[in-house]
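Chemist: Mind folding the following:
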Amino acid sequence: MLPTRSEAEKLLAEAEKCNPGPWGNHSRVAAHCAERIALGCGDMDPEKAYILGLLHDIGRKFGVRHLGHVSDGYSYMMSLGYDEVARICLTHSFNNMRIDEYIGRADTSEEEYELIVAELGKISLDEYDRLIQICDALSGSEGVVSVEDRMNDVKRRYGSFPQEKWDSVMALKTYFEEKTGKDIYALVEKESYAVS
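Modeler: Okay, the predicted model is just below:
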C-alpha cells in the first residue's frame with residue numbers, strides 16, 4: 001500500500017520539522033528523478049516511483065542516524081500500513097542486499113539490526129527497488145548530480161565506498177539507460193532541474 005502523492009508530501013514536510021536538514025530536498029530530487037525515469041521506462045508507474053523516491057529516507061524524521069534511519073523508516077511506514085514504502089526504506093541502502101555493505105555507522109540496537117537482516121532476507125530486488133537505488137545516487141540536496149560525484153562525496157564523508165557497491169551503482173545507471181534508450185542525465189534534467 002502507498003500514500004497518495006499529497007499525503008507523501010505532507011509526511012515529508014512533517015518529518016523535516018522533526019529533523020531539519022538537506023535530506024528533505026535530497027528526497028525531493030530523488031522523487032523527481034524516479035518519476036522521470038519511470039516515465040521513460042514505459043512499464044513503470046511514475047506516480048508510485050515519485051512517492052517511493054520522496055519517502056525513501058523518511059526514517060531521518062527520527063534524528064541523525066546512519067543505519068538506524070533504515071530501520072526507523074521501515075518501522076514507521078509499516079506502522080502506517082505503507083508496506084511498499086517500508087520496503088524501499090530497507091532496500092535503498094543495499095544494492096547487493098548485504099548489510100555489511102552499508103556505508104556509515106551501524107548505530108542500531110541489536111533488535112533493529114536483526115529486523116533489517118530478517119526483512120532483507122525476504123526480498124528479491126524489483127524494478128522499483130533498483131530505481132530508487134539509482135535515484136538515491138543521482139540526488140543532491142540542490143539538484144541532480146552525477147553518480148560518480150555523489151559516490152565520491154560519500155567516500156569523502158565516510159572514508160570509503162566499497163568497490164562492489166560502486167560497480168553495482170554504475171551497472172544500475174547503464175541498466176536504466178538501456179531500458180529507456182536515453183542518457184540518464186538528460187532524462188532527469190540534470191542541467192536544468194533544481195529544487196524549488
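
Chemist: can we go C-alpha only for contacts and neighbour counts from here?
Modeler: Will do.

Chemist: pLDDT score for G53?
Modeler: Looking at G53, its pLDDT is 98.

Chemist: what about it, helix or strand, and which?
Modeler: Per DSSP states H and E: G53 is located in helix 46-55.

Chemist: what comes up buried for stretch 12-23?
Modeler: Buried residues in stretch 12-23, counting neighbours by 16 or more other C-alpha atoms under 10 Å, are found at L12, A15, E16, W23.

Chemist: rewinding a little: the helix holding G53 - contacts with which helices or strands?
Modeler: Taking 3 or more C-alpha pairs under 8 Å, 6 or more residues apart in numbering; DSSP states H and E as contact, the helices and strands that helix 46-55 lies on are helix 5-18, helix 23-41, helix 83-91, helix 127-138.

Chemist: Same list, those, but as CSV with distance to E101 and mean pLDDT please.
Modeler: Below are the helices and strands packed on helix 46-55 laid out as CSV (distance: least, C-alpha to C-alpha, whole Å; pLDDT from 0 to 100):
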stretch, distance to E101, mean pLDDT
helix 5-18, 27, 98
helix 23-41, 21, 98
helix 83-91, 12, 98
helix 127-138, 14, 98
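
Chemist: Serialize those helices to TSV and add fields for distance to H66.
Modeler: Shown next, in TSV, are the helices and strands packed on helix 46-55 (distance: least, C-alpha to C-alpha, whole Å):
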stretch	distance to H66
helix 5-18	16
helix 23-41	12
helix 83-91	13
helix 127-138	15
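
Chemist: quick one: the residue of the chain positioned farthest from its centre from S71, how far?
Modeler: Within the chain, the residue lying farthest from the chain centre (C-alpha atoms, centre = their mean) is E110, at 23.5 Å. In this structure, E110 and S71 are 11 Å apart, going by C-alpha to C-alpha, to the nearest Å.

Chemist: hang on, the earlier thing: neighbouring contacts of the helix holding G53?
Modeler: 2-5, 8-9, 12, 27-39, 84-85, 88-89, 128, 131-132, 135-136 (C-alpha atoms under 8 Å, 6 or more residues apart in numbering).

Chemist: Could you quantify the relative orientation of the next helix or strand after it and helix 83-91 as an angle?
Modeler: Downstream of helix 46-55, the first helix or strand assigned by DSSP H and E is helix 68-79. Taking axes from the mean of the first three to the mean of the last three C-alpha atoms, to 10 degrees, one finds helix 68-79 and helix 83-91 inclined to each other by 170 degrees.

Chemist: Which pLDDT value does the model give M78?
Modeler: Reported pLDDT for M78: 98.

Chemist: Looks like it contacts C89 (just checking).
Modeler: No - counting by C-alpha atoms under 8 Å, M78 stays clear of C89, with 10.2 Å between them.

Chemist: In terms of neighbours, single out the busier of these two.
Modeler: C89 (28 against 16; other C-alpha atoms under 10 Å).

Chemist: Just confirm that one contacts G68, I think it does.
Modeler: No - using C-alpha under 8 Å, C89 is not in contact with G68; the gap is 10.8 Å.

Chemist: Between those two, which contacts overlap?
Modeler: G59.

Chemist: if I look at K155, how far off is F161?
Modeler: Taking C-alpha to C-alpha, one finds K155 at 5 Å from F161.
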